[in-house]
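In: take this sequence and fold it.
(3 chains)
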Amino acid sequence: MVIPDYYEFGSRTHIMAGYDALEQIPGLLSSMDAQNPMVITDQGVSRAGLVDILLQALDSRITIKTIQDDVPADSDLITVHTLAGQYRKYGCNAIIALGGGSVMDTAKGVNILVSASSDNLLAFSGANALTHALNPLVAVPTTAGTGSEVTRVAVISDPDNLRKLLFTSGFLMPDAAVLDPRMTLTLPAPVTAATAMDALSHAVEACLCLGRNPLSTAHAHEAIALISQHLLPVILQPDHKPGRLALATGAALAGMAFSNSMVGMVHTLGHSVGSVCHAPHGTCMAVLLPYGMAYNLHKTQPLLADLLLPMAGADVYARTPPADRAQKAIDWVNRMNQRLHQVTAGAHAVCLREMKSQDGKSLVPGHLLPKIAHTALGDGSIFYNPEDLDYDDCLMVLEAAFNGAPLDLSRVKKG
Amino acid sequence: MTDFMEISPGRHHRKRLYLSCMLWFFGRAVQAAARVDDGVKSEFAAMPDNFTFCLGAFPSGPYMVVGKDSLGRVRHLGSSIADRTIHLHMMFKNPALLFRVFSFQESTPVANARNRLYVHGDVPQACAVVRIMDMVQVFLLPKFLAKRAVKRYPAWPLKRRTLVRAQVYVRAFAGL
Amino acid sequence: MTALNHFLCRTKTAFGTHALDHLPFDLSGMNARKPFVITDQAARDAGVHMVLARACRDTYLAPGLATLTDAGDFETLYHLFVDKGYDSIIALGTGQVVQTAKALNLALCLGPERLRSPADPGQIKGPLLPLVYIPTHPESGQDTAGETSFSGHCFVSAHLMPDIAVITADTMLGTPLAAVLDSGLSSLAACCEVFAFSGNPFARSYAYAGVCLVMDTLLPLAQQSDHGDLLCQKAGKHRRLPLAKLTHAAAVSGYIQSNFPNLKTRQAGAHITALHPAPSATLSSGLCMALALVHLLENSKDTCPWLGKLLLPLTDAAHYAGVPGPGQPDAAVRVIRELLQALYETLPQGMPETFDEAGLTPRQISEISNLLTYAHP
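Out: Numbers count the residues shown, from 1 in each chain, chains lettered A, B, ... in the order given. Modelled structure (predicted):
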């Protein structure tokens, strides 16, 4: 076991994962002396009937003071301030965040304001601006991908100043994360595929990037094994509850891993494709993951080789010569993307060129690649990538990912 | 009976003096490089005017403050953050950790990966500042040290490696 | 995966070089500006508090340092803390130091009366004061577990887990080999049991790291020992680093024990220690747990679905993948037996390898054996 000279690992969220995990929420809230929660969610979750399932599981054992389902796709300051007002108006003393990454981030933002009795979220942006524990927050993810239910980060848009505010603090970790397969049973196959590949990219980058450490690697390997074993079976049988639970668990494990070791160029480029082209985050991650692995191959070969075991299993690992294991891990991700492309009838893209909106328009036009590469240079994750990246490097990788062509490793600059 | 004492940790004066000198010279080198090197110039060009950033150590320095004025000129603004609006703080969590980097025991990317520094401010601008710092370190340090300080030692053209580097040195000493 | 998995670890682990230099910043993030340090005489005599003082140089922190000298210290500690306006606790030491720090934290937050006559010792709601744990040698995992006892009452709550465990070679002290073995074997037993018998992926991840840390360090440390003692302060960093890793493993086992309070190996260890007439120096609780672990694994080789995978943290990926699936449980048990055998050979006074050799009667072994069975999913 290689241990870095220094590392930190912490994940103070109480994880509750199981087939009747939702039923544990009243007990969790009671243990925190919080009986009057507010539910924060979005319209999609509400329409999918997940709020009803939650309420049914709570079975009037606690009083939901208000349900707010107006969280937009990108959490913003206005929504956070509005919801904080609702929290106070209804006399709530806890939050149940039911949704994906945006709902989680919004709930974290609301919790900052109501816990600090403040009306100025900007005062808490940046690192370690929070110095006190917040009010109880229970996170119930409805996708198995972002890992926001266990992370110490919230990203909230400031539309007036056209910027995204980053909040980081150990206090932002939700008090509890409730992983219940009922929340993801109805996810469409392409969304299941994209979110699971997002989680896989968290886990893989947690193992490869500069902040890696033994505890994050252990969590990441467990996550990779769960996602590898269960993703395709769940796509083929969407109501398979054990598989759904395994994916949700894998996503949370990957969240715990990357929250402590950070992520690298897959996210650097993926965030930029998402922000320039408004392309779905998970699919960007899925497409870019093998390129990130290949780009860093010369610096992370033994680490990549280790990933083959949780990805492909002991038999494949044992059969593959040691020198080929790293490349085989990259090939495995490529093959997984192709299989997902097949089983989702082409909805899961395998290259950026193939990413389409619902009306069939190309989401990532080729002429925007230079702008994406430029944007990538401003993403903080770039510094955790094992190999350095400049504008030309970003563009080279993006062009290969755009066309679905293998990365020309001879063009990767080695310093 | 409990034995009790209050610890007065005090200050590490020599290390602080060393860091102050290094930060002072580094700040002047950033100013010099912003005048003569196209790479550094273009990074500053993307920053807004009247933008000020500091590099330092928690909780009370030492600091290096660099700013871009309303005319777009980059200036080393000394070592005090008092009475200034700082738009971007790049802070090491302890002066001892800043010392490790400025005594070449640990590179900036490694210190970052080990969670030894934090940023308060706009992340894209922080990224630009890190790239500027990398370029200035390559100018200032001999290759064997610079290779330890940056993630990938750049393959610069001869002119940049020699003439521009000399200009950076001369201007940094002269404060130009 | 089992029907309901839950896991909670409130502690952030900070491990490695210059770990203490992060402490002023981390304390400020918890609004702690005036920490109260509790230590013991051994750490004080070795000057470990000066390592902490050096980390506080050029920062605003001016900690108070209380050295435990006898059992009547608690009242004094409480009044010192309150009268001088401290706002957080640093436990600089192991064992009694940490248990005192946890009890002090309870007394400060719940009131000293509640501590002495608790209405419901198990129910502790809400956060306590920030508590930082800086160990000086490996222990059994109790320090990072969410429990403490005071005046005969046992308090159990995740809030009792330290907020931060700062584990660094810089604070490691000379440690008797017996204590190192006790810690290493109890950590190994707790982590192996959870890894082999729990389907909880969150616990398994911690357990994986714990097993790896013990396997990397325990035997080399034992082989380096001089006359049964690891005089690491004199011997330099090459011994302090593995000691710190073993302490890390102990911290991990504490996180696990907080979530699995009824570990079979721990119960059996306590049972054997109570039964056995020999002094605990030759049959420590760690050794008892390790013997119990072997017994437990042997009992469950054919029924436990995760036992074979234990071979992975016990060895490495290549070794694990090279052993065919059906042979993995046997191979895992063999690795543990070989470790015990190798440890046995390094010890001048030897140590028992089986319950028989430990002096237990057949009836006692039968009792233990009944204790060491799992209902498998």
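In: name the residues of stretch C:150-164 that are buried.
Out: C:150, C:153, C:155-164 (16 or more other CB atoms under 10 Å in any protein chain shown). Every C-beta, even on glycine, is put in place using the N, C-alpha and C of the backbone.
In: tell me which entries of the residues you listed lie within strands.
Out: Under the assignment DSSP state E, the buried residues of stretch C:150-164 contribute C:150, C:153, C:155-156, C:164 to strands.
In: ok, so of the residues you listed, who is nearest residue A:37?
Out: Among those, residue C:156 lies closest to residue A:37 (CB to CB), at 26.0 Å.
In: check contacts around residue A:350.
Out: A:287, A:337-338, A:341, A:404 (CB atoms under 8 Å, 6 or more residues apart in numbering or on different chains).
In: okay if I get the ones in strands among the buried residues of stretch C:150-164 as a markdown table plus distance to chain B?
Out: Below are those laid out as a markdown table (distance: CB to the nearest CB, whole Å):
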| residue | distance to chain B |
| --- | --- |
| C:150 | 16 |
| C:153 | 22 |
| C:155 | 22 |
| C:156 | 27 |
| C:164 | 13 |
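In: helix, strand or coil: sort out residue B:118 for me.
Out: strand (DSSP: H, G, I helix; E, B strand; the rest coil).
In: with residue A:96 instead?
Out: Classification of residue A:96 by three-state DSSP places it in strand.
In: over to residue 91: give its phi and psi.
Out: I went with chain A, as the question did not name one. The phi/psi pair for residue A:91 (degrees, to the nearest 10) reads phi 60, psi 40.
In: please go with chain C instead
Out: Dihedral angles (degrees, to the nearest 10) for residue C:91: phi -90, psi 110.
In: number of residues surrounding the nearest residue to it once chain neighbours are set aside?
Out: Among residues not flanking residue C:91 along the chain, residue C:101 sits closest, at 3.7 Å (CB to CB, 6 or more residues apart in numbering or on different chains). As a burial measure, residue C:101 scores 30 neighbours (other CB atoms under 10 Å in any protein chain shown).
In: grab the nearest non-local neighbour of whichever residue of the stretch 151-300 of chain C sits closest to chain B.
Out: Nearest residue of the stretch 151-300 of chain C to chain B, counting by CB to the nearest CB: residue C:170, 11.8 Å away. Excluding its sequence neighbours, the residue lying closest to residue C:170 (CB to CB, 6+ apart) is residue C:51, at 5.0 Å.
In: ok, now which ones touch that neighbour?
Out: With contact set as CB under 8 Å, 6+ apart, residue C:51 has these partners: C:20, C:170-171.
In: how about residue C:169?
Out: Listed by CB under 8 Å, 6+ apart, the contact partners of residue C:169 are C:17, C:237, C:240-241, C:243-244.
In: where's the dip in pLDDT among the residues you listed?
Out: Among the contacts of residue C:169, residue C:237 carries the weakest pLDDT, at 63.
In: the residue nearest to the spatial centre of chain A - nearest residue in space that isn't next to it in sequence?
Out: The centre of chain A sits closest to residue A:146, judged by CA atoms, centre = their mean, with a distance of 1.9 Å. Closest residue to residue A:146 apart from its sequence neighbours, by CB to CB, 6+ apart: residue A:101 at 3.9 Å.
In: so what's residue 170 up against?
Out: Using chain A here. Residue A:170 neighbours (CB under 8 Å, 6+ apart): A:10, A:12, A:152, C:12, C:29.
In: wait, chain B
Out: Per CB under 8 Å, 6+ apart, neighbours of residue B:170: B:32, B:176.
In: surely it is within a helix?
Out: Yes: looking at residue B:170 with three-state DSSP, it is inside a helix.
In: state the distance from it to chain A.
Out: According to CB to the nearest CB, to the nearest Å, residue B:170 and chain A sit 27 Å apart.
In: is the closest residue to residue B:85 other than its chain neighbours in a helix, a strand, or coil?
Out: Leaving aside its sequence neighbours, residue B:85 sits nearest to residue B:52 (CB to CB, 6+ apart; 6.4 Å). Put simply, residue B:52 is strand when judged by three-state DSSP.
In: and residue B:52, bridged to which residues?
Out: residue B:67 (DSSP bridges).
In: which of the helices or strands spans the closest residue to residue A:366 other than its chain neighbours?
Out: Spatial nearest neighbour of residue A:366, chain neighbours left out: residue A:402 (6.0 Å); criterion: CB to CB, 6+ apart. Using DSSP states H and E, residue A:402 sits within helix A:391-403.
In: what packs against that helix?
Out: For helix A:391-403, the packing partners by 3 or more CB pairs under 8 Å, 6 or more residues apart in numbering or on different chains; DSSP states H and E come out as helix A:265-277, helix A:281-295, helix A:369-376.
In: list of residues touching that helix?
Out: For helix A:391-403, contacts defined as CB under 8 Å, 6+ apart pick out A:265, A:268-269, A:272-273, A:287-288, A:291-292, A:295, A:351-353, A:364, A:366, A:369-370, A:372-374, A:376-377, A:389, A:406-408, A:411-413.
In: just the buried subset of the residues you listed, written out for PyMOL, thanks.
Out: Here is the PyMOL command that selects only those of the contacts of helix A:391-403 that count as buried (16+ other CB under 10 Å):
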select buried, chain A and resi 265+268+269+272+273+287+288+291+292+295+351+352+353+364+369+372+373+376+377+389+407+412
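In: quick one: name the residues of chain B near chain A.
Out: Proximity of chain B to chain A, by CB under 8 Å from any CB of the partner chain, involves residues B:109-110, B:112-116, B:118-128, B:130-131, B:147, B:150-155.
In: re earlier: tell me which of the helices and strands packed on helix A:391-403 sits nearest to chain C.
Out: Of all those, the one in closest proximity to chain C, counting by CB to the nearest CB, is helix A:281-295 (17.5 Å).
In: tell me the secondary structure at the closest residue to chain B within the stretch 251-400 of chain A.
Out: Closest contact between the stretch 251-400 of chain A and chain B, by CB to the nearest CB, is at residue A:378 (2.8 Å). At residue A:378 the chain is in coil, as set by three-state DSSP.
In: who's in contact with the closest residue to it other than its chain neighbours?
Out: Of all residues not flanking residue A:378 in the chain, residue B:124 sits nearest, at 2.8 Å (CB to CB, 6+ apart). When contacts are counted by CB under 8 Å, 6+ apart, residue B:124 touches A:377-379.
In: how close does residue B:124 get to residue B:117?
Out: Going from residue B:124 to residue B:117 by CB to CB, to the nearest Å gives 17 Å.
In: and what of residue C:316?
Out: Distance from residue C:316 to residue B:117, by CB to CB: 34 Å.
In: which one's more surrounded, these two?
Out: Per other CB under 10 Å, whichever of residue C:316 and residue B:117 has more neighbours is residue B:117, with 23 against 15.
In: looking at the more buried one now. What's its pLDDT?
Out: Listed pLDDT for residue B:117 reads 91.
In: residue C:123 too?
Out: Per-residue confidence for residue C:123 comes out at a pLDDT of 66.
In: what is the burial count for the residue in chain A positioned nearest to chain C?
Out: Nearest to chain C in chain A, going by CB to the nearest CB, is residue A:10, at a distance of 2.9 Å. Neighbour count of residue A:10, defined by other CB under 10 Å: 21.
In: can you tell me the closest non-neighbouring residue to it?
Out: Take residue A:10 and drop its neighbours on the chain: the residue closest to it by CB to CB, 6+ apart is residue C:12, 2.9 Å away.
In: please determine how far residue A:109 is located from chain B.
Out: Distance from residue A:109 to chain B, by CB to the nearest CB: 17 Å.
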